[in-house]
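**Q** Predicted model follows, preceded by the sequence.
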Amino acid sequence: MALLRASKKQLILESGANFSCQSLGRGELQKVQHDLRQRLGPAKLPSLGYIAAVLKQAGMRVEYEDRYTDPVIPERYATSLEGALRFEDLAAADAALRRLDAAYREYRSESDRTGASLVRQIVLRGKLRAESLSHNARIRPEKRREKREIATWFRVWLESPDLFFDWLEVRKQTGEFREMFPSYAQPAPGTAQELTEA
């Protein structure tokens, strides 16, 4: 009878459970990675970001950030910011930016620098991820184009959050945008399509 091999996730959870500290940082994650190297060999070694994500999903407190993992969100901000960064398509990216922008404005109005900074970190993380996906040859060309557009949205928001949504409405009306994303593009004001839909 063949022995069942433990999955990478199971091995990460087993190794992570060996730590009695309140939160796991880079050093502990590297120890988990070293343990996995012993058990799996170097060819199958997961990244620190992947290890951190698995342990976070299991409910462990992990204090580690890289360009692919979300920043550590203190409890007081978790309700408004946890899971806010979604950009599987243009509509999700639009909704995520509106939610994040609302949180950013609320924190700014309360002079909460930590909250405002967390929002900016989340948007920056989204920009970096979207850029990375836009260069991934394993992704379909139309999805890469969409991720490139989303990365631009995140960049413009980071540069000018107060002007972003005006810019976005103008951007959606451009011929270039309509040609690249016909299913998402809105009809231009006063066009025959818009008049017949009214």
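**A** Now that the structure is in, tell me what you want to look at.
**Q** Outline the domain layout of the protein.
**A** 8-57, 75-180 (automatic domain parsing).
**Q** Now render these as a markdown table, adding mean pLDDT and mean neighbour count.
**A** Using the backbone N, CA and C atoms, a C-beta is placed for each residue, glycine as well. Below are the domains of the chain laid out as a markdown table (pLDDT from 0 to 100; neighbours: other Cβ atoms under 10 Å):
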| stretch | mean pLDDT | mean neighbour count |
| --- | --- | --- |
| domain 8-57 | 82 | 16 |
| domain 75-180 | 93 | 16 |
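**Q** can you redo the ones you listed as CSV with distance to residue 63?
**A** CSV is the format used below for those (distance: least, Cβ to Cβ, whole Å):
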stretch, distance to residue 63
domain 8-57, 5
domain 75-180, 13
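**Q** in this structure, which residue is closest to the centre?
**A** For the chain, the residue nearest the mean C-alpha position is residue 126 (4.3 Å; Cα atoms, centre = their mean).
**Q** so what does the helix or strand hosting residue 51 touch, helix or strand wise?
**A** Element membership of residue 51, judged by DSSP states H and E, is helix 48-57. Secondary-structure packing of helix 48-57 (3 or more Cβ pairs under 8 Å, 6 or more residues apart in numbering; DSSP states H and E): helix 8-16, helix 26-40.
**Q** Take those and lay them out in JSON lines including distance to residue 112.
**A** Formatted as JSON lines, the helices and strands packed on helix 48-57 follow (distance: least, Cβ to Cβ, whole Å):
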{"stretch": "helix 8-16", "distance to residue 112": "32"}
{"stretch": "helix 26-40", "distance to residue 112": "27"}
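**Q** And the next helix or strand past the top helix by length along the chain?
**A** The longest helix of the chain (DSSP state H) is helix 113-134. Sequence order places helix 141-159 as the next helix or strand after helix 113-134, per DSSP H and E.
**Q** just to revisit the earlier point, just want the angle from the longest helix of the chain to helix 141-159.
**A** Orientation check (axes from the mean of the first three to the mean of the last three Cα atoms, to 10 degrees): helix 113-134 against helix 141-159 gives 160 degrees.
**Q** Run the chain-centre distance for helix 113-134.
**A** Relative to its parent chain, helix 113-134 has a centroid offset of 7 Å by Cα atoms, centre = their mean, to the nearest Å.
**Q** Would you mind pulling the contact partners of it?
**A** If you take Cβ atoms under 8 Å, 6 or more residues apart in numbering as the criterion, helix 113-134 is touched by 67-71, 73-74, 77, 81, 84-85, 87, 93, 96-97, 100-101, 103-104, 106-108, 139, 143-145, 147-148, 150-151, 154-155, 157-158.
**Q** ok, so what distance separates the nearest residue to residue 74 once chain neighbours are set aside from residue 13?
**A** Distances taken as Cβ to Cβ, 6 or more residues apart in numbering put residue 114 closest to residue 74, at 7.5 Å, once the chain neighbours are dropped. Residue 114 sits 31 Å away from residue 13, going by Cβ to Cβ, to the nearest Å.
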